[in-house]
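> Curious how this folds, go ahead:
(3 chains)
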Amino acid sequence: MTTATKRARPIPAIESSDEDDELPLINRRVSKKPRVSLSSASASNSTSAQTKSRLKQRSSSDRVLADARRQRRQNGTTTVVRPNPAAAKGRRAKKEEAKLEPIPVEEKKPKREGQSSSSDQGKDNGGYRWWDEGEGERNSGIKWTTLLHNAVIFPPEYEPHGIPLLYNGKAVELSAESEEIATFYAAKLATDYVQKPTFQRNFFDDFRHSLRSTSAHRIIKKLELCDFSRIHAHLEKKKQEKKDIPAAEKKKLREEEAVRCKKYTVALVDGREEKVGNFRVEPPGLFLGRGEHPKMGKVKSRIYPEDITINVGHDAEIPPCPLEGHKWGKIIHKRDVTWLCFWKDTITGGSKYVWLAAGSAFKGMSDHAKFEKARRLSQYIEQIRRDYRQGWKAKGKEPKQRATAMYLIDKLALRVGNEKGEDEADTVGCCSLRVEHIKFVPPRTIELDFLGKDSIRYFNSVQVEKEVYENLKLFCRNKKPGEDIFHRLTVTGLNDYLKSLMDGLSAKVFRTYNASVTLDNLISNTPARSDLLEKIVFYNQQNKEVAILCNHQRALPKAHGSQMEKMDKKVVDTQQWLTELKRGRNKINKSKGSIDSVDLIQWMPEKPVFTEDMDDKERAAERKRAAAAPRVKTARVKKLPQIETAIKSVSERLAKLKADMQVKEDMKTVALGTSKINYLDPRITVAWCKKREVPIERIFAKTLLVKFAWAMETSEDFRF
DNA sequence: AACAAGACTTGGAAAAATTTTC
DNA sequence: GAAAATTTTTCCAAGTCTTGTT
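Numbering: from 1, shown residues only, chains lettered A, B, ... in the order given. Down below sits the predicted model:
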């Protein structure tokens, strides 16, 4: 309802450019998915300062590399072999494969597994520092020379439980296959999927199909008459039993499972050990798409070895098939790809791949290349922006639409928006925007409202350049709501054009570029005298700005409301006590020395009362009762010095409480993770951490430290 | 050139692990 | 010392973009 647009910006710390629109419009209001009925109109208008762009004074990547090399190599890998990059490639593969016996992968010696365990702590790639080597052949089409792995592990076969499905109140005998499907449904009973007609219909079609040659087929005709509650109860019971296993035993079970999986967790790539990412075949179940997916509820069937294609080295041993009586579908030796296995998804027909983990050299190199490409865009961006501004006035429809779309992609960080099929959720991106997704608010504000990736709502009311406004209006003229705004523009056409502006450029690079450049600019303004915690909060706030730019949202946490209430109560209590303390101070001060202490009243939450015979549930209930009970009056006698100290500490506590509450409210529907993992060049963060003396572990969790190992030696003056 | 298949990145939710609070 | 809250990891769906195929 309100209009979030550009707002006044602070005086930039560094020289500003004359162009007022260098940065993307990050001050968007956050809106939520039109999730069920949860009213959400109150989406908060988060605002924050935005800096003007600054002149780039980048350190060349060469310098960073040199810098990195100078650093002490603290990595615990064996000898510090610094291979000559040119010679290394070909030789390394063979030599090391001979040396490094493929213990975890080789079937013949399963007893000696523990052997390599010390090398796989933390790192996903056995300490291979690819970033210390030259660019060399990194980008060539061939991805590996030798490849050895154990393929995948399968979920356990279905074990029938014999708990009946009731139909019209009577138990129905089901085949194991049908029972499994019924059980998939029972497992979802507590979700709102089961309320959705599409989900019900798809499930029931598949369920009925599974019954076709059994007697139950004549009985079970309507979903409404199926009662899954007994199966549901059975599942709940199992869940509880699992939960109730003593901690020690749980730990043991976990360890046993780890031993069983061990050999699947690593692959040997050119003789180097690398962690495998997703070595588990997805278990069967009901397909849960996002948003209004037409296929939700369909049975995603079990994948068998026959469905799987294995990609291994020519001379490598073919991984043994873990399922008795089965064999792999296909064995291939495709060296221009990085996947180890793949199969066809039974629902979408798309391919599912087994990849190496995020910390592997394959993934790291392409991540690095992605950010380098985005950095390269900063050398072209001014030119490109001039170009599309020019394009707004183009005579031809396609160039005009293209230039207008480029503005949206650049300024609003929209995704490009490929075509989607009838059998997918109806979501859009820039090129697939339809007339129904835009509203025009004179003089030049557009309101975009559509479902984007994952059916997350994009809602943004933003002032745009006059030409853009007029163009968009023009493109919508005489079109029905369901028609494409950019009807002459295709994604391929757009990307082909981008290639002509910069080698390797495509629409998604703008998102990476804008996210990273925004963070870089924002955190360069870190308040000088902040303590560690303040710096971290500050960083997270800037991270939040990026998340808002990219429209990274999450569902409102279930307990948000109650947690806020709880905090609010605390604020009220603390406030009351502070007021009382101040009253006491006044009284003493006014008395001019005639009294030196006062009676003060503090209202405290009631303390819960536990008795020996209470179980966990009763204790929890008692705790709740006490928290909700009226506050208890407590009398305290205080002298002036005591009061002064208390006022100070209580004020601080109150301020912190209020600040925490604000942060919680501001963050309730933003997801920081996605940008941190995918969009923000880790070198920006590493450099900032070094400069501001923030331990990197406070920003990157363990997996991110591994994923971004290549960025850890970035010098503190790195700029994106 | 249009379309489909293939390969890889990006995405939020749920589960699991860890930390904080009481 | 357990429950609650928060953070991290896992899961798998859903995008982007390139590469075949017709």
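> Quick one: mean pLDDT for stretch A:226-243?
Averaging pLDDT along stretch A:226-243 yields 91.
> Flag every buried residue along it.
The neighbour-count check on stretch A:226-243 (16 or more other C-beta atoms under 10 Å) flags A:226, A:227, A:228, A:231, A:232, A:235 as buried. For every residue, glycine as well, the C-beta is placed using N, CA and C.
> what packs against the helix or strand hosting residue A:366?
Assigned by DSSP states H and E, residue A:366 falls within helix A:361-391. In this structure, helix A:361-391 packs against strand A:272-275, helix A:397-411, helix A:491-501, helix A:507-523, helix A:702-707, with contacts taken as 3 or more C-beta pairs under 8 Å, 6 or more residues apart in numbering; DSSP states H and E.
> Out of those, the one nearest DNA strand B is which?
Among these, the nearest to DNA strand B by C-beta to the nearest atom of the strand is helix A:507-523 (5.6 Å).
> Which helix or strand lies directly C-terminal to that closest one?
Per DSSP H and E, the helix or strand that comes after helix A:507-523 is helix A:532-549.
> how distant is that following helix from the center of its chain?
16 Å (C-alpha atoms, centre = their mean, to the nearest Å).
> domain parsing for chain A?
Per automatic domain parsing, the structural domains of chain A span A:165-245, A:363-516, A:560-667.
> Which of these sits closest to residue A:713?
Judged by C-beta to C-beta, the one of the domains of chain A that comes nearest to residue A:713 is domain A:363-516, at 12.7 Å.
> I'd say residue A:447 and residue A:464 touch.
No: using C-beta atoms under 8 Å, residue A:447 is not in contact with residue A:464; the gap is 10.8 Å.
> Looking at those two, which is more packed in?
Taking other C-beta atoms under 10 Å, residue A:447 and residue A:464 do not tie; residue A:464 has more neighbours (22 against 14).
> Now do that one against DNA strand C, distance only.
20 Å (C-beta to the nearest atom of the strand, to the nearest Å).
> Hmm, that residue is touching residue A:445, no?
Yes: Residue A:464 lies in contact with residue A:445 (C-beta under 8 Å); the separation is 7.4 Å.
> the bottom helix or strand of chain A by mean pLDDT?
Lowest by mean pLDDT, DSSP states H and E among the helices and strands of chain A is helix A:61-70, with a mean of 29.
> State the helix or strand in which residue A:422 lies.
Following DSSP H and E, one finds residue A:422 outside all helices and strands.
> Residue A:253 now?
Assessed by DSSP H and E, residue A:253 sits inside helix A:247-261.
> just residue A:315 next, same as before
For residue A:315, there is no host helix or strand (DSSP H and E).
> How many residues are close by the nearest residue to it once chain neighbours are set aside?
Nearest residue to residue A:315, sequence neighbours excluded (C-beta to C-beta, 6 or more residues apart in numbering): residue A:146, at 7.2 Å. Residue A:146: 19 surrounding residues under other C-beta under 10 Å.
> So what does residue A:146 have for phi and psi?
Backbone geometry at residue A:146, expressed as degrees, to the nearest 10, gives phi -120, psi 150.
> That one and DNA strand B: what is the separation?
Distance of residue A:146 to DNA strand B, computed by C-beta to the nearest atom of the strand: 17 Å.
> So for that residue, what's the pLDDT?
Note for residue A:146: predicted pLDDT of 96.
> what does the stretch 401-550 of chain A put close to DNA strand C?
The stretch 401-550 of chain A has residues A:415-418, A:420, A:424-425, A:427, A:429, A:452-455, A:491-492, A:495, A:499, A:504, A:506-509 near DNA strand C, with proximity defined as C-beta under 7 Å from any atom of the strand.
> just the buried members of those?
Buried positions within those, assessed by neighbour count (16+ other C-beta under 10 Å), are A:415, A:416, A:417, A:425, A:427, A:429, A:452, A:455, A:491, A:507, A:508, A:509.
> What residues does the stretch 251-400 of chain A have near DNA strand C?
Counting by C-beta under 7 Å from any atom of the strand, the stretch 251-400 of chain A comes close to DNA strand C at A:278, A:280, A:282-283, A:285, A:287-291, A:293, A:300, A:345, A:347-348, A:350.
> For ChimeraX, what selects the buried ones among those?
With 16+ other C-beta under 10 Å as the criterion, this ChimeraX line picks the buried residues out of these:
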select /A:285,287,289,291,293,300,347,348
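> out of the buried ones among the residues of the stretch 401-550 of chain A next to DNA strand C, what pair is the most spread apart?
Longest distance between any two of those is 25.6 Å, between A:425 and A:509; criterion C-beta to C-beta.
> what's the pLDDT at the most far-flung residue of chain A relative to its centre?
The outermost residue of chain A, judged against the average C-alpha position, is residue A:594 (63.8 Å), by C-alpha atoms, centre = their mean. We have a pLDDT of 82 for residue A:594.
> Let's verify residue A:558: helix, strand, or coil?
Classification of residue A:558 by DSSP: H, G, I helix; E, B strand; the rest coil places it in coil.
> which among the buried ones among the residues of the stretch 401-550 of chain A next to DNA strand C are in contact with DNA strand B?
Among these, the ones lying near DNA strand B by C-beta under 7 Å from any atom of the strand are A:415, A:508.
> quick one on the thing from earlier: avg pLDDT for the helix holding residue A:366?
For helix A:361-391, mean pLDDT rounds to 97.
> do the same with stretch A:539-557
96.
> Show me which residues of it are buried.
In stretch A:539-557, counting by 16+ other C-beta under 10 Å, buried: A:539-554.
> Tell me where the stretch 101-250 of chain A has strands.
According to DSSP state E, counting those that start in this stretch, the stretch 101-250 of chain A carries its strands in the segments A:147-149, A:165-167, A:170-172, A:226-227.
> So which of those is the most surrounded?
A comparison of the strands of the stretch 101-250 of chain A by mean neighbour count, using mean count of other C-beta atoms under 10 Å, puts strand A:147-149 on top with a mean of 25.
> pLDDT below threshold where in the stretch 501-650 of chain A?
For the stretch 501-650 of chain A, the stretches flagged by pLDDT under 70 are A:607-628.
> interface residues of it facing DNA strand B?
Checking the stretch 501-650 of chain A against DNA strand B by C-beta under 7 Å from any atom of the strand, the hits are A:508, A:511, A:512, A:550, A:551, A:552, A:553, A:554, A:555, A:570, A:623.
> And these, which is closest to residue A:161?
Of those, the one sitting nearest to residue A:161 (C-beta to C-beta) turns out to be residue A:555, at 32.0 Å.
> ok, stretch A:677-689 near DNA strand B or not?
Yes: Stretch A:677-689 is in contact with DNA strand B by C-beta under 7 Å from any atom of the strand, via A:678, A:679.
> quick revisit: in TSV, list the helices and strands packed on helix A:361-391 along with distance to residue A:585.
Formatted as TSV, those follow (distance: least, C-beta to C-beta, whole Å):
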stretch	distance to residue A:585
strand A:272-275	61
helix A:397-411	54
helix A:491-501	67
helix A:507-523	41
helix A:702-707	49
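> so which of these comes closest to residue A:689?
Nearest of the helices and strands packed on helix A:361-391 (C-beta to C-beta): helix A:507-523, 10.0 Å.
> For the closest one, name the packing helices and strands.
Using 3+ C-beta pairs under 8 Å, 6+ apart, the elements in contact with helix A:507-523 are helix A:361-391, helix A:397-411, helix A:491-501, helix A:532-549, helix A:682-692.
> Show residues contacting the third one.
What it means is helix A:491-501. A:380, A:383-384, A:387, A:398, A:402, A:405-406, A:416-419, A:431, A:505-507, A:509 (C-beta atoms under 8 Å, 6 or more residues apart in numbering).
> what residues does the stretch 201-350 of chain A put near DNA strand B?
Contact residues, the stretch 201-350 of chain A versus DNA strand B (C-beta under 7 Å from any atom of the strand): A:254, A:334, A:336, A:337, A:338, A:339, A:342, A:349, A:350.
> Just the buried subset of those residues, please.
By 16+ other C-beta under 10 Å, these give A:337, A:338, A:339, A:342 as buried.
> Same question for the last one, what's its three-state structure.
Same thing as residue A:342. State at residue A:342, reduced to three classes by three-state DSSP: strand.
> Thanks a lot, catch you later.
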